[in-house]
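Student: here is a sequence together with a model predicted from it:
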Amino acid sequence: MTFATTFITLYPEAFPGPLGVSILDRARRDERWSLETVQLREFGLGKHRQVDEKPAGGGAGLVLRPDVAAAAIDSVSIGDRPLIYPSPRGTPFSQEMAEDWAQGPGLVFFCGRFEGLDQRVIDGRQMQEVSVGDFVLAGGEVAAMAMLEATLRLIPGVAGNQASVEDESFSQGLLEYPHFTLPRSWENRETPELLLSGDHKAVAEWRNQQSEALTKQRRPDLWSASRNGPKLRASETDDEHD
Ligand code: SAH
């Protein structure tokens, strides 16, 4: 099945951008995923195809009109795909969200610009607001691409090596252990002897210790969450109700 993605944007020329290289490019050519862009401007009003207006109540900047946004959204065959509005006010994006989305039919992103989108279309089209972090970007394109890239690489057959996807940061709720490769000695820094020992059990234990120590030190929030047992994924909770 092809994972179908649509971006509604004022800047379709930004795509595929970084989604057009390496494993994601190959996967798109293999039809594991598809990319569609919808130019919001085409749904703008009047001679100038205006998409924005001054905010009601005053203040700085411009707001995307709900009628224009809705016309663009309604032109898309959304089907069962989640409609995502990247927004700093949204639910924080996470690896678990990527895992859930990767099991679905695809994603539709509405990329905001200016001060953002009129609240009535967010509510009226039941858009899911999702944030990529506590900072403010100029537009939703980079945020949407980051979320999509994290999702696509979890789709079987997209990443070259499924084991490496399963083994890395966050998939066990911990940060990943440090990596080493050749040369064994570089600028007087040595590869830990144990990694060269061929003792797979000892290597696994060392990596696990490193993961735990790094997580405790850098991300006490993740560490205490991991102590409270594995989190239920939305897909697992869904199964219980089916
Ligand atoms: N005035 C808004 C920010 C608008 S930034 C506020 O303070 O919340 C313009 C657009 O960039 C937004 O509509 C959104 O689509 C995108 N954007 C900015 N920061 C983002 C973030 N941290 N996560 C996801 N999208 C973001």
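Tutor: Everything's here; your move.
Student: next, count neighbours for whichever residue of the chain sits closest to the ligand.
Tutor: Closest to the ligand within the chain is G112: 2.1 Å, counting by Cβ to the nearest ligand atom. From N, CA and C alone the C-beta is placed, and that goes for glycine too. Taking other Cβ atoms under 10 Å as the neighbour definition, G112 ends up with a count of 27.
Student: apart from its neighbours in sequence, what residue is nearest it?
Tutor: Nearest in space to G112, with sequence neighbours left out and distances taken as Cβ to Cβ, 6 or more residues apart in numbering, is G140 at 4.4 Å.
Student: for the lengthiest helix in the chain, what does the pLDDT average out to?
Tutor: Counting by DSSP state H, the longest helix found in the chain is helix 200-218. Averaging the model's pLDDT scores along helix 200-218 yields 97.
Student: now do that helix: which elements does it pack against?
Tutor: Packed against helix 200-218 by the contact rule (3 or more Cβ pairs under 8 Å, 6 or more residues apart in numbering; DSSP states H and E) you find helix 220-227.
Student: just the CA trace of the helix it packs on, in CSV.
Tutor: Listed next in CSV are the C-alpha coordinates belonging to helix 220-227 (Å, rounded to 0.1, in the frame of the first residue of the first chain):
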residue,chain,number,x,y,z
PRO,A,220,15.4,12.9,33.7
ASP,A,221,11.8,13.3,32.3
LEU,A,222,12.3,10.3,30.0
TRP,A,223,14.0,8.4,32.7
SER,A,224,11.2,8.7,35.2
ALA,A,225,8.7,7.9,32.5
SER,A,226,10.6,4.7,31.5
ARG,A,227,10.6,3.7,35.2
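Student: so how far is A70 from the closest residue to Q126 other than its chain neighbours?
Tutor: Counting by Cβ to Cβ, 6+ apart, L83 is the residue found nearest to Q126 once chain neighbours are left out, at 7.0 Å. Distance, L83 to A70, using Cβ to Cβ, to the nearest Å: 11 Å.
Student: same check, this time on A56
Tutor: On the measure of Cβ to Cβ, A56 and A70 end up 17 Å apart.
Student: could you do A202 as well?
Tutor: Note on A202: its distance to A70, by Cβ to Cβ, is 60 Å.
Student: E166 now?
Tutor: Taken as Cβ to Cβ, the span from E166 to A70 is 40 Å.
Student: and the helix or strand where T6 lies, anywhere near the ligand?
Tutor: Taking DSSP states H and E as the criterion, T6 maps to strand 3-9. No - using Cβ under 6 Å from any ligand atom, strand 3-9 stays clear of the ligand, with a minimum separation of 9.9 Å.
Student: what is that strand packed up against?
Tutor: strand 33-39, helix 66-74, strand 106-110, helix 140-152.
Student: which positions in the chain make contact with the ligand?
Tutor: With Cβ under 6 Å from any ligand atom as the criterion, the chain meets the ligand at residues 86-89, 111-113, 115-116, 131-133, 135-137, 139-140, 143.
Student: go with 8 Å
Tutor: Residues of the chain lying near the ligand by Cβ under 8 Å from any ligand atom: 61, 64, 85-90, 93, 110-117, 130-140, 143-144.
Student: can you list which of those are found in strands?
Tutor: Using DSSP state E, the members of these that fall in strands are L64, Y85, P86, S87, P88, R89, G90, F110, V130, S131.
Student: partner residues bridging the third one?
Tutor: Read it as P86. Per DSSP bridges, the residues bridged to P86 are V130.
Student: quick one: pLDDT of it?
Tutor: At P86, the pLDDT recorded in the model is 98.
Student: surely it touches F109?
Tutor: Yes - with contact taken as Cβ atoms under 8 Å, P86 and F109 are classed as touching, separated by 6.5 Å.
Student: I am finished for the moment; much appreciated.
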